[in-house]
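1. What shape does this take:
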Amino acid sequence: MDEINPLLNSKKFSAAHGRERKRFAILTRLLAQITGEIRHIVARICRRLDDARRLERNQRNREHAQRSCQDHPSHHWIEAFGPQCAGVVLGLALC
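-> Residues are numbered from 1 along each chain as shown. The predicted model follows:
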């Protein structure tokens, strides 16, 4: 909108009729408002795409961890105590 303001003060434009100036100012504000809405929508779409990618990556990591745990000799810990407890036990064992 700042780029358009010099047009409002130009000699050619100031010679134009008052109603046209008002119309131009209103259209300029509307255009700025629409542009802001479009930016907001695009940002929301990008966030949703990022969320979807993150969920997909987490699911793949979870599946990989499950496959790795089933192949690991300490799999009985997971069956007996659940994945969170087994993770703590394995973490302590590695220390």
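2. where in this structure is pLDDT low?
-> Counting by pLDDT under 70, the ranges of the chain that qualify are 1-17, 69-95.
3. ok, I41 to R29 distance?
-> Distance check for I41 against R29: by Cβ to Cβ, to the nearest Å, it reads 19 Å. Bear in mind the C-beta positions are built from the backbone N, C-alpha and C, glycine included.
4. Which elements pack onto the one helix or strand I26 maps to?
-> Per DSSP states H and E: I26 is located in helix 18-71. Helix 18-71 sits against helix 5-9, helix 11-14, with contacts defined as 3 or more Cβ pairs under 8 Å, 6 or more residues apart in numbering; DSSP states H and E.
5. Compute the number of surrounding residues for A32.
-> When neighbours are defined as other Cβ atoms under 10 Å, A32 has 13 of them.
6. Repeat that for I26.
-> As a measure of burial, I26 has 10 neighbours, counting by other Cβ under 10 Å.
7. Distance of it relative to I41?
-> In terms of Cβ to Cβ, I26 sits 23 Å off from I41.
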